[in-house]
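Asks: Return atomic coordinates for the entry below.
(one chain, ligands or ions: 1)
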Amino acid sequence: MSAQDLIARRFGDNGASGEGGHDTDLISRVLSRKTVRRYTEEMPSEALLDTLVACALSASAKSDFQQTSILRVRDPEKRAAIGALFPAMPWIGAAPVFFVFLGDARRLQRIGEMRGKPVENGTLEGFFNASVDAALAMQTMILCAESAGLGVCPISVIRNEVDKVARILGLPDLVFPVVGLCLGTPQGEGHVSLRLPRSVTTHVDRYDDSALETAIDDYDQRRHALHAIPKEQQRSNAEFGEAAFYGWSEDKARQAAKAEGAAFPPYLRAHGFGFD
Ligand SMILES: Cc1cc2nc3c(=O)[nH]c(=O)nc-3n(C[C@H](O)[C@H](O)[C@H](O)COP(=O)(O)O)c2cc1C
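Replies: Have a look, this model is predicted:
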């Protein structure tokens, strides 16, 4: 498929077609990428994994502070212990490879101590910079892994049990999990997920979301026609009732109504972050 066709498939929004733009292998891969949660038992080679880590650590890093660390969970007992915390997501324990991308505000603080400088990195700035660095490193690994034929699934749910995960991984103060990443050889095809129309997610010169409601209704319908959410996957029916039409926005509104991650702020505050 051409990049134009891939853009049309990704958005289906009659937006900019990309005609006349570049059509590289990387662009095609990015436009058709998809999360994979089922893997064969095949184990990627250590050489490939070493390369992927090197790629991840080649991502841009705020101020060249280089505030991410990548932890591979190899010990089968630790893998099983982490997997057991999230029975609803069996791919966490089952994926051939599992990395955790850490926000690492500790290293810069230690370097300050080494050089006798007053570095205080438990600030909101330190937390945010380290989080962004970790996210960029993860996404760089994702794209490189996919280009090598692997499938991946980021795992932020680990933050819901951050105390237990941090204990298993021996994380010190000022180091926190941003996201895990399952990797393996894909089993099955999966599908490219339709993204929100670019009329909603892009702006020129001035932010404008005045047409949001109509655009979301339209997106819900188009997405439903391609990949309807089955009735049995409706969330929180006891609370919100069964929906006659259950589109993406109903699903996301129900999901977001149940706040996640309550354990994360107290964990961070207890482990070196004052956020000042
Ligand atoms: C930061 C981040 C955290 C995620 N956490 C999880 C997770 O905990 N469990 C999971 O199954 N998928 C997780 N995902 C995968 C998303 O659900 C997926 O990217 C999204 O549904 C879009 O699908 P696509 O990547 O195939 O386009 C995460 C993705 C990101 C970027």
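Asks: Next, count neighbours for Leu181.
Replies: Leu181: 24 surrounding residues under other C-beta atoms under 10 Å. For glycine as for every other residue, the C-beta is placed from the backbone atoms N, C-alpha and C.
Asks: Excluding chain neighbours, what is closest to it?
Replies: Leaving aside its chain neighbours, Leu181 sits nearest to Phe99 (4.6 Å; criterion: C-beta to C-beta, 6 or more residues apart in numbering).
Asks: For that neighbour, give its distance to Glu77.
Replies: Distance, Phe99 to Glu77, using C-beta to C-beta, to the nearest Å: 17 Å.
Asks: Neighbour count: those two, which is higher?
Replies: Phe99 (26 against 9).
Asks: okay but the more buried one is in contact with Arg72, surely?
Replies: Yes - if you go by C-beta atoms under 8 Å, Phe99 and Arg72 touch, sitting 5.3 Å apart.
Asks: and for the two, which residues touch both?
Replies: Residues touching both Phe99 and Arg72 (C-beta atoms under 8 Å, 6 or more residues apart in numbering): Val53.
Asks: part of a strand, is the residue nearest to Leu181?
Replies: Yes - counting by DSSP: H, G, I helix; E, B strand; the rest coil, Phe99 is located in a strand.
Asks: Could you look up the SS state of Gly274?
Replies: Reduced to three states by three-state DSSP, Gly274 is coil.
Asks: and Thr51, that one's in a strand?
Replies: No - counting by three-state DSSP, Thr51 falls outside a strand, being helix.
Asks: For it, which non-adjacent residue is spatially closest?
Replies: Cys144 (7.6 Å).
Asks: do Phe273 as well
Replies: Gly122 (4.5 Å).
Asks: The one you found and Leu174 touch, don't they?
Replies: Yes - with contact defined as C-beta under 8 Å, Gly122 reaches Leu174; the gap is 6.1 Å.
Asks: you'd agree Lys62 is up against Phe127?
Replies: No - counting by C-beta under 8 Å, no contact exists between Lys62 and Phe127, whose distance comes to 11.7 Å.
Asks: more crowded one of these two?
Replies: Phe127 (21 against 15).
Asks: could you say which helix or strand contains that one?
Replies: Taking DSSP states H and E as the criterion, Phe127 maps to helix 124-147.
Asks: Just the CA coordinates for that helix, please, in PDB.
Replies: C-alpha atoms of helix 124-147 as PDB (Å, rounded to 0.1, in the frame of the first residue of the first chain):
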ATOM      1  CA  LEU A 124       8.200  18.400  38.900                       C
ATOM      2  CA  GLU A 125      10.700  19.300  36.200                       C
ATOM      3  CA  GLY A 126      12.900  16.400  37.100                       C
ATOM      4  CA  PHE A 127      10.000  14.000  37.200                       C
ATOM      5  CA  PHE A 128       8.600  15.200  33.900                       C
ATOM      6  CA  ASN A 129      11.900  15.300  32.100                       C
ATOM      7  CA  ALA A 130      12.700  11.700  33.200                       C
ATOM      8  CA  SER A 131       9.100  10.500  32.200                       C
ATOM      9  CA  VAL A 132       9.400  12.100  28.700                       C
ATOM     10  CA  ASP A 133      12.900  10.600  28.200                       C
ATOM     11  CA  ALA A 134      11.600   7.100  29.100                       C
ATOM     12  CA  ALA A 135       8.600   7.500  26.800                       C
ATOM     13  CA  LEU A 136      10.800   8.500  23.900                       C
ATOM     14  CA  ALA A 137      13.100   5.600  24.500                       C
ATOM     15  CA  MET A 138      10.200   3.200  24.600                       C
ATOM     16  CA  GLN A 139       8.700   4.400  21.400                       C
ATOM     17  CA  THR A 140      12.000   4.300  19.700                       C
ATOM     18  CA  MET A 141      12.400   0.700  20.700                       C
ATOM     19  CA  ILE A 142       8.800   0.000  19.600                       C
ATOM     20  CA  LEU A 143       9.400   1.200  16.100                       C
ATOM     21  CA  CYS A 144      12.800  -0.600  15.700                       C
ATOM     22  CA  ALA A 145      11.400  -3.800  17.100                       C
ATOM     23  CA  GLU A 146       8.400  -3.700  14.700                       C
ATOM     24  CA  SER A 147      10.800  -3.100  11.800                       C
END
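Asks: Good, we can wrap up now.
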